[in-house]
Every structure is written in C-alpha cells, then in structure tokens.
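J.: Got a sequence here, can you build the structure:
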Amino acid sequence: MTYCIGIRLNAGLVFLSDSRTNAGIDQISTFRKMMVYESAPRPAQDPAAPEPLASHDRFMVLLSAGNLSISQSVREILQLEKLDRGPDLPPLTIWNAESMFDAVRVLGAAVRRVYEQDATSLRNAGIDFNASFIFGGQIKGEAMRLFLVYSAGNFIEATRETCYFQVGESKYGKPILDRILTPDTPLDEAAKCALVSMDSTLKSNLGVGLPLDLLVYEQGSFRSAQHVCIDEHNAYFRMIRNTWGQRLHEVFEAIDDPRWDGGDTAHPLMGGSARYEPMRKITQPGDRIV
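T.: Numbering: from 1, shown residues only. This is a model prediction of the structure:
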C-alpha cells in the first residue's frame, strides 16, 4: 500500500508521499511515488536538442498509489503521451499544455492507454486495474490547480471547500487534515500538518513506510528548492513523531473522566431524560425462558 497527500493553498502547494510497496508480509520494497515535471532551458551545447522550451513556464507534481506496474507505466507514458487536436494544431502534451486542465487530460489519456494495453492480461491473472493519482502544479498564465485522477482516467479538482486530496491508506491521517487545513493555512504549517497525518498513518498501518518525499511549491515560482527525502534519521520528523504522541497523551489526560453519578460536574455523562434510557427487557416471575 501507500499514502500520498496533495494540498492546494492560497500560498502554494504541498505534496507528501511514502515509498513502501508490498506484495505480502515477506515481500516489502521501497519505490518512490513522487515524480516532478518541470520545464527548463535545454543545454545550448546539445545540437540534437529540439527547439528549447520556455524557461520555467510550468511545474507539475505527480503522486501515485495502487498497482506499482500500472503507476510506473503511466508515469513513463505521460512524458510522451500526445492528444490529437486536429490538423491545424500540434498534438497536446504536458509540455505544451496551456493549462493544468489540459495537462491532466493528457494524464487521463495515459491512464486509459495503459488500461487498453494491460487490463485484459491483468484480469486474466486475477489482478484488478487499480491505480490513482494526485496531479497538481502551475502553468504560466493561470493559477495553481490540483486534481485527483481515478483508474478510469477521469478526475476531479480541489476547491476552496476541499483543498486537499489523499490516495492510498487515507483514513488514519484524515482527521488532522480536516481539523487544521484551510486555503489560508501557511505553507510551512500545512507541511507540518501533512507530516503529522503521515505519522498517524505510519503508526497504524504497516503498509506505509519510510522514506518520505516532501515537496513545497510557492505560488508563481515555477520551481521548488523545498524538496526533501525523509528517512528514519531525519531530526525534524523524529521530533514530530515524539512530540505529537506526547502532546496527544497530555491532552487526553487533561480531559475529565466520565462521572456516572452526576455529581458536581459541568459536563454530566448521564442525561435526565427518559429518552436516553437504554432499551431493556425485564423478565417477570413465571416468564418462560427459552
């Protein structure tokens, strides 16, 4: 399994992924789940290079979960995938797309192409076509966008009301994201929140494991220097793991225990209404018990 998070904020984007894959308890491997696509000038000394791309006009990040062979195939095909736009326009690729919407359409086409190639063989082997992706970034001329892409190649987009996506083992790390994240959350605070979410998942699920890839992208920069691989020796993540567990324990202990007798408490557990009485079946003398 895996766990990946993508967050879209007013200030930028945050991406976090683990690197564990497993095909049984005795076959656990490490594979990176994050791929960065960015444009930069091609070296001038390379005469075979095609016409150079505009410098730093796009920055895109892909996170993947599900069947590893499917997601790796999609990642490779995505770099070359072309969508026909008619005789008067060049084919659409992630490198010439003028919007993130067009770029995610290319990703959806890449997913469907892998399905056409491999789905029948996988089905014959008893394997589901299972892959999902978080794809986000920015292309010059438009705002940042973040998408969740399903195994059919269809997708949805993050909004102000839902500013993050998860793929993989999402349930353990979701509560902290729901409580903390808003579009106005600062980037560093969102990165911290994502790491706490990942730590909760690592604590509860052996299918998710280190090392982690964390990337923070600032709006309008079209590049990122804030990209780190986090292993068990990373001092900040060790601090997160120790502090979060300790503070949770402290907060839990600070909450009053339930008072069953009512007593002098501002938060009684037992209500005074018959509506809240438990349902009972009381036997009477002479009742036949079967």
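J.: For stretch 35-55, the averaged confidence score.
T.: Average pLDDT, stretch 35-55: 65.
J.: meant to ask about stretch 86-102, not that
T.: In the prediction, stretch 86-102 has an average pLDDT of 95.
J.: Where is the longest helix in this structure?
T.: Among the segments of the chain that qualify as a helix by DSSP state H, the longest is helix 100-124.
J.: and the next helix-or-strand element following it, average pLDDT?
T.: Going down the chain from helix 100-124, the next helix or strand is strand 131-139, by DSSP states H and E. Averaged across strand 131-139, pLDDT comes to 98.
J.: Any buried residues in the longest helix of the chain, and which?
T.: Within helix 100-124, the residues that qualify as buried are 100, 102-115, 118-119, 122, counting by 16 or more other Cβ atoms under 10 Å. Where C-beta positions appear, they are placed from N, C-alpha and C, glycine not excepted.
J.: what does stretch 240-249 give?
T.: In stretch 240-249, counting by 16+ other Cβ under 10 Å, buried: 240-241, 244.
J.: gap between whichever strand or helix holds Phe59 and the chain center?
T.: Assessed by DSSP H and E, Phe59 sits inside strand 58-66. Relative to the centre of its chain, strand 58-66 is centred 10 Å away, using Cα atoms, centre = their mean, to the nearest Å.
J.: Adjacent strands (with direction) for that strand?
T.: Sheet pairing for strand 58-66, assigned by DSSP bridges, gives strand 34-38 (antiparallel), strand 131-139 (antiparallel).
J.: the inter-axis angle of the longest one versus helix 100-124?
T.: Going by axes from the mean of the first three to the mean of the last three Cα atoms, to 10 degrees, strand 131-139 is angled at 160 degrees with respect to helix 100-124.
J.: hey, C-alpha coordinates of strand 131-139 in CSV?
T.: Extracted C-alpha coordinates of strand 131-139, given in CSV (Å, rounded to 0.1, in the frame of the first residue of the first chain):
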residue,chain,number,x,y,z
ALA,A,131,-4.2,3.0,-9.7
SER,A,132,-5.0,6.5,-8.6
PHE,A,133,-3.0,9.7,-8.9
ILE,A,134,-2.7,13.2,-7.4
PHE,A,135,-1.6,15.7,-10.0
GLY,A,136,-1.0,19.3,-9.4
GLY,A,137,1.1,22.3,-10.3
GLN,A,138,1.1,25.6,-12.2
ILE,A,139,1.5,26.6,-15.8
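J.: Which strands or helices does the worst-scoring helix or strand of the chain on mean pLDDT pack on?
T.: Taking mean pLDDT, DSSP states H and E as the measure, the helices and strands of the chain show their lowest mean at strand 20-22, namely a mean of 86. With contacts taken as 3 or more Cβ pairs under 8 Å, 6 or more residues apart in numbering; DSSP states H and E, strand 20-22 sits against strand 28-30.
J.: I would like the residues contacting the strand it packs on, please.
T.: By Cβ atoms under 8 Å, 6 or more residues apart in numbering, the surrounding residues in contact with strand 28-30 are 19-22, 209, 211.
J.: And stretch 147-164, by the same measure?
T.: Contact with stretch 147-164 is made by 5-9, 66, 70, 100, 104, 107-112, 115, 129-136, 145-146, 165, 167, 177, 181-183, as judged by Cβ under 8 Å, 6+ apart.
J.: distance of Cys193 from Thr201?
T.: Note on Cys193: its distance to Thr201, by Cβ to Cβ, to the nearest Å, is 13 Å.
J.: Looking at those two, which has the bigger crowd around it?
T.: It is Thr201, of Cys193 and Thr201, that has more neighbours when counted by other Cβ atoms under 10 Å, with 25 against 22.
J.: How far away from the center of its chain is the longest helix of the chain?
T.: Offset of helix 100-124 from its chain centre (Cα atoms, centre = their mean): 20 Å.
J.: tell me the contacts of Thr185?
T.: Contacts of Thr185 (Cβ under 8 Å, 6+ apart): 9, 193.
J.: which SS state does it fall under?
T.: coil (DSSP: H, G, I helix; E, B strand; the rest coil).
J.: confidence score at it?
T.: Thr185 carries a pLDDT value of 98.
J.: Gln226 too?
T.: The predicted local confidence for Gln226 is 97.
J.: ok, Leu148 to Met239 distance?
T.: Distance from Leu148 to Met239, by Cβ to Cβ: 31 Å.
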